[in-house]
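Student: Dropping the sequence and predicted coords here.
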Amino acid sequence: MSDIEPAGAPTGEGGEGRASAAARLAVLHRAGGIVTPLITVLVAFLVGGLVVVGTTGKNPLTTYRAIFDGSGLNWLLPWETCSDPCTAALNFQQTLIIWIPLVLTGLAVAFAFRCGLFNIGGQGQYLVGAIMAVWVGSSFQGLTPVLHILLAVVAASVSGALYGGIAGLLKATVGAHEVITTIMLNWIAVWVGIFLFGLGGPLQNDAQPWVPVSNDVAESAKLNVFWGDPILQGLHIGLFVALGFLVVFWVMLNRTTLGYEVRAVGFNPEAARYGGISVSRNYFLAMAIAGLFAGLAGSLDILGWQYRLNVNDIQVSTIGFTGIAVALLGRNTAIGTGLAAMLFAALVTGTSTRNLDPEIFRPELASNLTLLIQGLVVLFVGADVLILYIWSLRRKARLGRAAPG
Amino acid sequence: MEIFLARLPRGARGVAWLGVLLGIVAAWVMTPPVMLRSPVVPMVVGAVAVSLGVFAFTRGVRRLGAGAAVFGLLGAGLGLLTTQSGEAHLESVVVWSALFAAMLRYATPLIFASIGGMFSERSGVVNIGLEGMMLMGCFFAIWGADRTGSWAGGVAIAALAGGLLALVHAFFAIHLRADQIVGGTAVNFLALGITGYLFIDIYKDTGTPSDIARIPDVHLSFLKDWYFVGPIVGQLNLMIWVGLATIFIAWIVMFKTPVGLRIRSVGEHPRAAETVGISVYKTRYAAVTLSGVLAATGGAYLSIGFVGSFNQNMTAGRGFIALAALIFGKWRPFGAAAAAILFGFSSALADRLPVYSESGAVLFRSLPYALTLIAVAGVIGRSVPPAAIGKPYVKQ
Amino acid sequence: MSEPAVLEMRGIVKRFPGILANDNVSFDLKQGEVHALLGENGAGKSTLMNVLYGLYHPDEGEIRIGGKPVQIGSPRAAIESGVGMVHQHFMLIPVMTVAENIVLATEPRTKGIFLDYAAAEKRVNELSERFGLAVGARDLVEDITVGMQQRVEILKALYRGADILILDEPTAVLTPQEAKELFEIIRSLTAQGKSIIFISHKLKEVLEIADRITVLRRGVRVETLAAEGATEAGLARLMVGREVLLRVDKQPAVPGDPLLQVESLHVVDDRGIEKVRGVSFEVRAGEILGIAGVDGNGQTELIDALTGLRRSESGHVVVGGKEHRNPTPREMLDSGQGHIPEDRQRRGLVLDFTLAENIALHDYCYPPDSRWGWLYPRRLVTRAARLLKEFDVRGGTPQTRASSLSGGNQQKVIVAREVSRDPRVLIAAQPTRGLDVGAIEFVHRRLVEERNEGRAILLVSLELDEILSLSDRIFVIYEGEIVAEFAPGVSEEEVGVAMTGGGRREAAA
């Protein structure tokens, strides 16, 4: 005879109606887990398309096609030919350049999420890494490139880790909610950055005292470009670093004891404690590692193509926030984050002023459209129960009478 | 008077609070109008404060004792700092009446948002989206005032916009039982996108109208000449008064009416509330929508009462500071308002500090955020949230 | 006792996915009677009453109150029809007062919008006197005893005019003394014309208080009979459908050296209240020490301190020859202690982990599972496969998520994990909570086997039957102190008396 607890339901409270639909969802998840994110993206784009129609009266499909072309993803399609110089290739390089930091900030959010922490501080951690990278990159002369780059990247990653670790430490010791602490840290990083590189600031450009910008990164610290024209911002070797860290992310989570602990704490902190795991230590480590990813992203951007940090850049940068949408869409997995980052990077490039024909859609509007789509993605992802809801509606329709849930 | 005396903290707790007070005094006596100049004063007073704090700490009053020691050190430090500054500078920065007036102006959007957040969270729904709802209020107040030609129209439309966005958050959190923090973050993204999109679409080329109908100030002419109080209170914006009134109304509603009792019951033990016939869903929907309306009203004040225009992302994290104020204030209206006023004070002070250093002034802009960080790290006791907060309710 | 049926439930059918909770059940209640609803865990008693109270909608069937058919779509409708329910897990809001809890949703008002606290208190006191239910209207619910909380729940129902009262496992949280008081209250209520449905799985109580008894088994009504003339054994047979083994077969213990020693342990709970007051005892190899007590007398805090999950104010624990003061859970695990926790889903398992990962929960950081921080998932799987087979765990492979297993099998996984670590000391807290009979038999048998292997077993349980049947020595804990020691074979009454603090005897040194 079966006992009182239906498998998988929350203890006690009669979640029976949820149990089997949740079981089906779990099957979907495990079956590559791609169905829900796919549906989410489709719905988000659908709504975005409605917005386009509603406000500008233009055909959303042409807009989306233009964005697609602008992103350079069409370069991947084997049936499209390319003239010389190939704009699609250029666009794709741009997309990849954005993909590099985006996948890393996405991983920064994803890793923390696996430990049950919501890291909204990717932006601040990214900035801290960028600041450190630009400082190390511009301060030392005459170093060999390998050493200089290594120094800058390591310094940036460590600072990012420490910055993320602050929030982790606060959570671990006094239980301060990481959402608020990381957001506050974001703003503090922004203002400190503006102070450092603003007019009269301690790290402001020595040669141009009327421009609020940092010193330029030395040649020895710049990352090599391996595809495209370096003068026109080609794709730099940071790509391999990002890919490498994607693998590192997966390996850390699934093949190390640290990853085991992080996942256990993320799923059930009480049971983790019972198992002998130190929950506070893992909170700190998870946030620190997350900060490391984001700080690394900052350094790759600086050393790869920005070469300097402008006060304006600090104020308008949102790559840390986009990382949140990326991680959520990618279900906090390595592959998912990689693919989601590609989607959003394509959106950013495709809607940029350079690539989007204002006749089809005004670029400034398009960037806000991207924000909208991002918001919708996060909204629906946070509610994968949406799928459950639709599922249960279908069941109701089929069975023709009230079902639980 | 007896009641007041009876409610004063006693024993070690009283000692600790005295320490906190002395820490504040250590800095205060160095500022105008008293403006003592000897560095000995803040050090001595601060030292006394620290020792009182340590005393309380050893008697078991740990958090407050530590807080008193911190205040003592801070007060001594700030007092010492003032001796480094010229008297003229001090006098231009620390004009208490102007500071307090600015404090109220900065605090009002926070007050509205945190009271709104109180209703939502007391009913059990975490509302991280206050920032987005406030931003909606900022933009739609300008747009509404532009269209209707009146500030009241602006405020009304702003409130409506905030309420609608809150409804989205409510639907996902309550009906779809989504993670409420992720949902709130999504709402913030949406607000950024919607307001940014519409702002550029409608106003990009010209910016928002400079002659937009502003929320009027309330002139209390009979007060204007009162010493000290006059400059602060004599000419405050209408919304500031509305905000202060809202605190009182919120307190009455939450603790003196059946409506408040039911909201609190839903946030503490929704199953129990359901079994006596209260609709958990309806209550939460109402509370969350109200929080959106209030947050948007705060945003409306920000754009058409305080600043006079709209910029993308002009809320700059205020919604989160309001949330921190709520937690700081233990989910009670007066506590949250007090915290909001404290944060407002830090913004007001940061405004005036540039007289010391132009580039350094930028650093001072991070003061409210740093203060929030410290507050959330738990300087004054650990707040206990409503028991069922954040947990989606499953109807049977 | 008068004749007309005040409540009739006919042909109630209620389905949940995968379970037929109520299969064409009919039930009636006469005015002024106490009608017990008896059955095992999962028999469908609570479901039936939740249908009556409007928390569930029946798939088929009808309900008549006072002869008239009614549709009960919500608790509100149930209340309006005169039905009140006192749940097993109290539906009270801890941070609010007694009066606030009682008047919630039907608050008296002044001037239309304000809550009239004075009127609420007055009404509460009136009802309290009339029905003999002593409560303090201004007390906060979190500060009062469990017995008083129950009275508040009953008052809640009476305040709303309930004539039919459903009591769901009311004595589960009461001391024997409080249970006696409850029975008096019940008698007083029926004397005033109220009718009571008494849900329970405890045979003795049901025989004592009920006029009639309806037995449910697996969603079906087996029989309705008069309490007079019924026997425990007869009822048990109806409940389970076969002869029930009420005691486990075991050899007498051959205890050896003490493997667990507790010295003057003082533990404080989250709110700063001392819950364990100077407890000292030892558990020897090859014996089962059972600690009996009513919930809330310090058992949870004691186990938490012994396993390192909570700090102790003073005192220490000796395991494996080493003295531990305020250890971390890792320390205690490494010193040879095993722990079967009382809440398997919250503490014992990470439900989203696979069975292999769960089995590795303590030892993942040691070879062979890992080396220098590098994990070997395949070794986890091999070990898990072996254990799952040995312990006959059904419902999954090592790669299955723990959440898909039934409670009994989940508990088996936990037992397998703890036992396979070869602990010197095994602490079992509520090891059979929520399990069906088959799983209970398994756990009991296994515990005795481990005892015979020479382990020291500390058994803490709220089920007196379990303690009496398994233990070689029996302690009673009351208000944080060990107040009595008994040998097996002691009567339930004697232990019950000690559990309520009466007749304190020599506590074990």
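Tutor: Noted; the coordinates are in hand. Residues are numbered from 1 along each chain as shown, chains lettered A, B, ... in the order given.
Student: who's in contact with the residue with the largest distance to the centre of chain C?
Tutor: The C-alpha centroid of chain C is most remote from C:Lys111, which lies 45.1 Å away (C-alpha atoms, centre = their mean). Taking C-beta atoms under 8 Å, 6 or more residues apart in numbering or on different chains, we find C:Lys111 in contact with no residue. (Each C-beta comes from the backbone N, C-alpha and C, glycine too.)
Student: Please identify the buried residues of stretch C:392-410?
Tutor: Using 16 or more other C-beta atoms under 10 Å in any protein chain shown as the test for burial, stretch C:392-410 gives C:393, C:395-396, C:398, C:400-410.
Student: again with stretch C:126-136
Tutor: C:Leu127, C:Ser128, C:Phe131, C:Leu133, C:Val135, C:Gly136.
Student: center of chain B, which residue is that?
Tutor: B:Ala340 (2.6 Å).
Student: Provide a list of residues in contact with the closest residue to it other than its chain neighbours.
Tutor: The shortest distance from B:Ala340 to any non-neighbouring residue, by C-beta to C-beta, 6 or more residues apart in numbering or on different chains, is to B:Leu110 (3.8 Å). By C-beta under 8 Å, 6+ apart, B:Leu110 lies in contact with B:Gly298, B:Arg318, B:Ile321, B:Ala322, B:Ala325, B:Ala340, B:Phe343, B:Gly344.
Student: element containing the third one, please.
Tutor: According to DSSP states H and E, B:Ile321 maps onto helix B:318-328.
Student: elements contacting that helix?
Tutor: helix A:178-197, helix B:96-122, helix B:130-148, helix B:280-300, helix B:333-352, helix B:367-376 (3 or more C-beta pairs under 8 Å, 6 or more residues apart in numbering or on different chains; DSSP states H and E).
Student: now do 6 Å
Tutor: helix A:178-197, helix B:96-122, helix B:130-148, helix B:333-352, helix B:367-376 (3 or more C-beta pairs under 6 Å, 6 or more residues apart in numbering or on different chains; DSSP states H and E).
Student: correct me, but A:Leu185 touches A:Gly124?
Tutor: Yes. Counting by C-beta atoms under 6 Å, A:Leu185 does reach A:Gly124; the two are 4.7 Å apart.
Student: thinking again about what came up before, buried ones in the helix holding B:Ile321?
Tutor: By neighbour count with 16+ other C-beta under 10 Å, helix B:318-328 contains the buried residues B:Arg318, B:Gly319, B:Phe320, B:Ile321, B:Ala322, B:Leu323, B:Ala324, B:Ala325, B:Leu326, B:Ile327, B:Phe328.
Student: Could you point out which residue ranges in the chain have low pLDDT?
Tutor: Unless you meant another one, I'm taking chain A. The model of chain A has pLDDT under 70 over residues A:1-34, A:79-81, A:83-85, A:353-356, A:360, A:382-405.
Student: if you could check chain C rather than the one you did, that'd help
Tutor: C:1-4, C:18, C:41-42, C:176, C:240-249, C:500-509.
Student: Now do the domain split for it, please.
Tutor: C:5-240, C:250-336+C:424-509, C:345-422 (automatic domain parsing).
Student: want to try a markdown table for those, with distance to A:Gly228 as columns?
Tutor: Below are the domains of chain C laid out as a markdown table (distance: least, C-beta to C-beta, whole Å):
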| stretch | distance to A:Gly228 |
| --- | --- |
| domain C:5-240 | 57 |
| domain C:250-336+C:424-509 | 53 |
| domain C:345-422 | 39 |
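Student: what's the closest of the ones you listed to A:Gly304?
Tutor: Closest approach to A:Gly304 among the domains of chain C (C-beta to C-beta): domain C:345-422, 31.2 Å.
Student: can you tell me if that closest one touches chain A.
Tutor: Yes. Domain C:345-422 lies within reach of chain A by C-beta under 6 Å from any C-beta of the partner chain, at C:345-347, C:350, C:352, C:361-362, C:364-365, C:370, C:373, C:375, C:403-404, C:406-408.
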